[in-house]
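**Student:** All I have is the shape, not the residue letters:
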C-alpha cells in the first residue's frame, strides 16, 4: 500500500509540471523562443508539485525507503526534475517571445 501511495503522489507531481515543460520545449524547438506566459502559469503548479515531492519523500522516509519501493520510483523523480530544469533553464538561455531579439 505505501508503494501505491508514493507512486500516485509522484505521478501527480510530474503531471503538474509536465504539460508546461512540454509546451515550453515545443515552443523553443519550433519557434526558437521561450514564452514567458508558460513560466507564469507553471510557477503555481511547480510550487505545488515541489510541496508534493517533499511530502512524498518524507512519507517514504517515515514508512521505510524500501518498503515504499522508492528505487522503482526513481524514474518519476528524474522525470519531475527534468521538467523543472526545462522550465527553469529554457527561459534563461533563449530569447523571450515578443522581445524582438
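**Tutor:** Happy to help now that I have it. Nothing here was measured: the structure is a model prediction, and the numbers come from that model. Numbering: from 1, shown residues only.
**Student:** Low-confidence regions, this structure specifically.
**Tutor:** Counting by pLDDT under 70, the chain has low-confidence residues at 95-101.
**Student:** now with 90?
**Tutor:** Low-confidence segments of the chain (pLDDT under 90): 1-3, 23-43, 46, 63-73, 86-101.
**Student:** for it, which helix is longest?
**Tutor:** helix 2-31 (DSSP state H).
**Student:** downstream neighbour of it in the secondary structure list?
**Tutor:** The helix or strand immediately downstream of helix 2-31 is helix 36-63, counting by DSSP states H and E.
**Student:** Flag every buried residue along that next one.
**Tutor:** Burial within helix 36-63, assessed by neighbour count using 16 or more other Cβ atoms under 10 Å, is assigned to 38-39, 42, 45-46, 49, 52-53, 56-57, 60, 63. Glycine gets a C-beta too; all of them are placed from N, C-alpha and C.
**Student:** orientation of that helix relative to helix 2-31 in degrees?
**Tutor:** Angle, helix 36-63 to helix 2-31, by axes from the mean of the first three to the mean of the last three Cα atoms, to 10 degrees: 160 degrees.
**Student:** So which bits of the following helix or strand past helix 36-63 are buried?
**Tutor:** Sequence order places helix 74-93 as the next helix or strand after helix 36-63, per DSSP H and E. Judged by neighbour count using 16+ other Cβ under 10 Å, the buried positions of helix 74-93 are 76-77, 79-80, 83-84, 86-87, 90-91.
**Student:** same question, stretch 11-24
**Tutor:** In stretch 11-24, counting by 16+ other Cβ under 10 Å, buried: 13-14, 16-18, 20-21, 23-24.
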